[in-house]
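In: Need coordinates for the below:
(2 chains)
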Amino acid sequence: RKEVEQDPGPFNVPEGATVAFNCTYSNSASQSFFWYRQDCRKEPKLLMSVYSSGNEDGRFTAQLNRASQYISLLIRDSKLSDSATYLCVVNSYAGNMLTFGGGTRLMVKP
Amino acid sequence: SQTIHQWPATLVQPVGSPLSLECTVEGTSNPNLYWYRQAAGRGLQLLFYSVGIGQISSEVPQNLSASRPQDRQFILSSKKLLLSDSGFYLCAWSVSAGLGYEQYFGPGTRLTVT
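Out: Numbering: from 1, shown residues only, chains lettered A, B, ... in the order given. The predicted structure is shown next:
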């Protein structure tokens, strides 16, 4: 089983749609969780950290479910510019390393 | 503010040739530094990380090596490249203390081994 698993997609949605991605992680001792965004042929960029109480940043909402060991990202009112690959990332308690999921590709259509 | 630089941006090298990729960070002291590789259409694979000068940990055994000669400089090297070394090489940094180690990536080097 992979440490961090994501549906690779692609998710094809129209502009204005709401889309949700889920991610599961295998290490129950994981302490920190993040979503990164990666545009084609570019470096990953931090989108948001995921806090245990859930957090929202504009159109983006992240949720953490420790009992089920999954993380979600909700994007409301999708824009064309949201088209990218979204990486679920988990930091284990044991060190400074992050484990990256394979990414979920989102394509927002006009 | 912190800035991370990588060069070159793209590189085409023949099989068997040496490699040296450089990464430097500005605006922070004693960062944790990381080298990742992303093969085409694949996820990020951690290659090396460093918590200080001269301290290198390897995650994947291969023909690559890393060095940290200065606090904010991280170098990825190979004596003889293989075709399988092609990929997108990313350097990243994070703060050196506390949990929640958000990592910030450089622009990457796209390496093609021919």
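In: which residues touch the residue nearest to B:Pro14 when sequence neighbours are not counted?
Out: Closest residue to B:Pro14 apart from its sequence neighbours, by Cβ to Cβ, 6 or more residues apart in numbering or on different chains: B:Thr114 at 5.6 Å. C-beta here means a position set from N, CA and C on the backbone, and glycine is covered the same way. With Cβ atoms under 8 Å, 6 or more residues apart in numbering or on different chains as the criterion, the residues that contact B:Thr114 are B:Val12, B:Gln13, B:Pro14, B:Val15.
In: Find the centremost residue of chain B, please.
Out: Centroid check for chain B by Cα atoms, centre = their mean gives B:Trp35 as the closest residue, at 2.8 Å.
In: Secondary structure of that residue: a helix, I assume?
Out: No. Secondary structure of B:Trp35 (DSSP: H, G, I helix; E, B strand; the rest coil): strand, not part of a helix.
In: Not counting the helix or strand bottoming out on mean pLDDT in chain A itself, show me its contacts.
Out: When each helix and strand of chain A is scored by mean pLDDT, DSSP states H and E, strand A:98-100 comes last, with a mean of 89. Under the criterion Cβ under 8 Å, 6+ apart, residues A:3-4, A:25, A:27, A:34, A:36, A:44, A:87-92, B:43-44, B:46, B:101, B:103 lie in contact with strand A:98-100.
In: residues contacting B:Leu64?
Out: Here B:Leu64 is in contact with B:Leu19, B:Leu47, B:Phe48, B:Leu76, B:Ser77, B:Ser78, B:Asp85 (criterion: Cβ under 8 Å, 6+ apart).
In: Cross-check the contact I'm expecting between the third one and B:Tyr34.
Out: Yes. When contacts are counted by Cβ atoms under 8 Å, B:Phe48 is listed as touching B:Tyr34 (7.1 Å).
In: Between these two, which is the more surrounded one?
Out: Under the neighbour definition other Cβ atoms under 10 Å in any protein chain shown, B:Phe48 and B:Tyr34 were set side by side, and B:Tyr34 has more, 27 against 22.
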